[in-house]
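**Q** got a predicted structure plus its sequence, pasted below:
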Amino acid sequence: MFSILRKIVKTGHLTEKLPTHDRAVAQLSTTCQTEIMRVFGKSLSIRMVDAGSCNGCELEMNALNNSFYDIERFGIHFVASPRHADLLLVTGPVSRHMQAALKRTYDAMPAPKLVIAMGDCGADGGEFGVSYASCGAVANVIPVDAVIRGCPPTPVQLLQGILELLQRF
Amino acid sequence: MNTHEKNLGQLAAPDIDSIPDLLAQAGIPTQELPDLKGSARCFLIDAGLWGSVAAMMAKNSMRWCAVWGEHCLPEIYVTAAFAARNGHLLFRAIVADDQGELPSQTPFFPAANRPERYLQEMFGIRFTNHPDPRRWMRHQAWNENQYPLRKDFPRAGTPLEETPPDSDYPFIPAEGQGVYEIPVGPVHAGIIESGHFRFQAMGEDILSLEEHLGYVHKGIEKCAEGRDVEGLARLAARVSGDSTVGHAWAACQACEYAVGITIPQRALVIRAILAESERIANHLGDIGACCNDVGFTFAQIQFSRLRELWQRQNAAVFGHRLLMDVVVPGGVSRDILAAQESLLRKGIETLHRELETLLPLLYENPSLQDRLRTTGVLSPAKARERGVLGYIARASGESWDLRRDAPYTPYQRKAITVPCYTEGDCRRRVQVRGDEILVSLNLLVTLLSDLPSGEVVKTLPPVTRDCSGVGFIEGWRGEIIVYVHLEAGGRVARYFPRDPSWLNWPGLEEMIGGVIVPDFPVCNKSVNGSYSGHDL
Ligand code: SF4
């Protein structure tokens, strides 16, 4: 037990300010909470759906929860049910086998709702494109409000993309 | 228990060079095929003997690895791979593309069950004596008379505007008083990939689990056809994002075998550095996540911190946090310069130091161990029967590892310790990961010291005639197998990647009987199959 506590104390506080060399992003960090407050009332709940990704995008989305990014400090949480979600974050090209599930998840969300297509796959189908098995871009299946490119986008790019979308409202 | 008792599977398998004699003794006529390039030996056999060969392989303790097809009008070439103690063996049979039929290998190797069903629905080959007639990968996006991997099936297919949900997959029902069913997925509660699990439970206990995968099938193999080798490498890097190095290396290795080019030594050592880095990053993430699933958040916080630092180091040294697109045909796209080398060395040292405190903290924490011990047991017998790979096999008495058993450059003459335990529970699957990180860290130090000077990439010669190759790489999840066929002109005619998840997913079903419902997440995480790598 003591060794665990010792390690916790030694590790200290790691959460980083968003990169300050980029003034626009630094500003985003401060405006972010106000935006969430204004648009969704205190917090933003995200439901993610892998619609056919390679799992690279999920790895970086998961990284947002580590101590360095600690996305919850902005009042942003990932939630288990679409019924609790304000924002749908979709990865991958939409496989035809996931088309119905993605639509149902979208329909289950209460309005107002936002959709972000994450990664090059979500943006335009990426390396997989459109085929007998893939519908390609997320926008081919449900309405999309913003696209965050990258393969996969880094956690900072992802955060930045979410905050930029909020600022548009 | 000594290592010999622990590693019965691999040690019981025969030497690869004894196989031709064994085949001859069994009266199976074969013809060695020289045109499938690579480290494996390949034999053409009569289609009618497909089952007998499997029976003979099973009798001789060979391991079943993969089966794939290729449509070469008007025939379909079917190739199956088996592992001997120190290398691989391929058998090929040729059947007609209409009404093609083969005796199933599943009665001798349960591992062949899903791969054969997949082959059936992608090519239309019928497997006689197959114990399970149900479809596997196909949901509702194409119908049962369409075979997407045949050459006459257009890449665009003929899909409906809206593909209906797959709501009538015939799950095996459990019966009895008090038995209830829990459907989970395809959309899961957390940040994970999509797939469906069907539990039959009674009270808290799970009686059985049945997986229904294929949700993220996006047509990777079809998508590869017609690409050049660079395009193929980019696609291979995205078969399973967490195994981007492993899959890209296996695909490039297959291409390089096919065209007969030896790539620069420095490039091969850098590929191994990338592969070990990938292994470390994934194991770090998994150890934290497994502990988190039993409520030990401390480990999650610590290991996700270490993983993040490791990913940042990846970005600093190789320009990508997950190392995508660094492995390219003919070598690697980034060299390691002196400054980056010292960065890497520092990172290795730091991680080593951190793990010296952290790993014992986990192993010696009674409440954590109590939750992991005896949870999700995969017995050595089941592990062997299912042919599971990587850390799952090593936690259940089977320590296959190509880096040691059938080493490819630069792993020859490297002392590679392969951890092996027999309990087969979540605790051992976590511990194998911990052990492997330490082995990889030591390997990284050796690889960096051995880094030869010179070029890091060589241009592939123009492809003047049809050629094909098979690559074998020990990915972080286990053995990856890739078949590539290039046409004259250099376009891909066929690409088949066999991710270890094909064999590991059934292992999860086997370990779940008797586990309580709330422990499913930790069992699933301890296996961590790739949905994408399986669904293709
Ligand atoms: S954008 Fe890249 S990382 Fe994300 S799912 Fe597509 S291939 Fe994978």
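**A** Thanks, I have it. Residues are numbered from 1 along each chain as shown, chains lettered A, B, ... in the order given.

**Q** tell me the secondary structure for the closest residue to residue B:207 other than its chain neighbours?
**A** Distances taken as Cβ to Cβ, 6 or more residues apart in numbering or on different chains place residue B:200 nearest to residue B:207, at 4.5 Å, with adjacent residues excluded. Backbone N, C-alpha and C define where each C-beta goes, glycine included. Classification of residue B:200 using DSSP: H, G, I helix; E, B strand; the rest coil returns strand.

**Q** number of nearby residues for residue B:200?
**A** Neighbourhood size, residue B:200 [other Cβ atoms under 10 Å in any protein chain shown]: 21.

**Q** across the sheet, point out what pairs with it.
**A** Per DSSP bridges, the residues bridged to residue B:200 are residue B:181, residue B:208.

**Q** mind listing what residue B:88 touches?
**A** Contacts for residue B:88 (Cβ atoms under 8 Å, 6 or more residues apart in numbering or on different chains) come out as B:16, B:39-41, B:65, B:81-82, B:406, B:470, B:472, B:481.

**Q** just give the closest residue to the closest residue to the ligand within chain B, not the sequence neighbours.
**A** Using Cβ to the nearest ligand atom, the single residue of chain B nearest to the ligand is residue B:238, 4.0 Å away. Distance criterion Cβ to Cβ, 6+ apart; nearest residue to residue B:238, sequence neighbours excluded, is residue A:54 at 4.3 Å.

**Q** pretty sure that neighbour sits in a helix.
**A** No: using three-state DSSP, the assignment for residue A:54 is coil, not a helix.

**Q** now it: how far from residue A:92?
**A** 7 Å (Cβ to Cβ, to the nearest Å).

**Q** more crowded one of those two?
**A** residue A:54 (38 against 32).

**Q** from residue B:279, how far off is that one?
**A** Counting by Cβ to Cβ - residue A:54 and residue B:279 are separated by 18 Å.

**Q** check residue B:269 too.
**A** Taken as Cβ to Cβ, the span from residue B:269 to residue B:279 is 16 Å.

**Q** neighbour count for these two, which is higher?
**A** residue B:279 (26 against 21).

**Q** which stretches of chain A form strands?
**A** For chain A, the strands defined by DSSP state E occupy A:44-50, A:76-78, A:87-91, A:114-118, A:146-148.

**Q** weakest of those strands by average pLDDT?
**A** Per-stretch mean pLDDT for the strands of chain A is lowest at strand A:76-78 (a mean of 90).

**Q** ok, the residue nearest the centre of chain A - contacts?
**A** Residue closest to the average C-alpha location in chain A (Cα atoms, centre = their mean): residue A:89, at 5.0 Å. Taking Cβ under 8 Å, 6+ apart as the criterion, residue A:89 is in contact with A:46-49, A:61, A:116, A:118, A:162.

**Q** just residue B:161 next, same as before
**A** So residue B:161 contacts nothing (Cβ under 8 Å, 6+ apart).

**Q** please identify the helix or strand for it.
**A** Using DSSP states H and E, residue B:161 sits in no helix or strand.

**Q** report the helix or strand with the lowest average pLDDT across the chain.
**A** Defaulting to chain A. helix A:23-40 (a mean of 63; mean pLDDT, DSSP states H and E).

**Q** nope, chain B please
**A** Ranked by mean pLDDT, DSSP H and E, the weakest helix or strand in chain B is helix B:3-6, scoring a mean of 52.

**Q** C-terminal to that helix, what's the next element?
**A** Next element after helix B:3-6 (DSSP H and E): helix B:8-12.

**Q** need the residues that contact that next one.
**A** Under Cβ under 8 Å, 6+ apart, the answer for helix B:8-12 is B:4, B:61, B:63, B:85, B:380, B:383-384, B:393, B:397-400, B:405.

**Q** quick one: residue B:190 and residue A:81 touch, right?
**A** No: using Cβ atoms under 8 Å, residue B:190 makes no contact with residue A:81, being 11.8 Å away.

**Q** what ranges does chain A have for its helices?
**A** With DSSP state H as the criterion, chain A has helices at A:2-11, A:23-40, A:56-63, A:99-108, A:119-124, A:155-167.

**Q** buried set for the last one?
**A** Neighbour counts over helix A:155-167 (16 or more other Cβ atoms under 10 Å in any protein chain shown) mark A:155-166 as buried.
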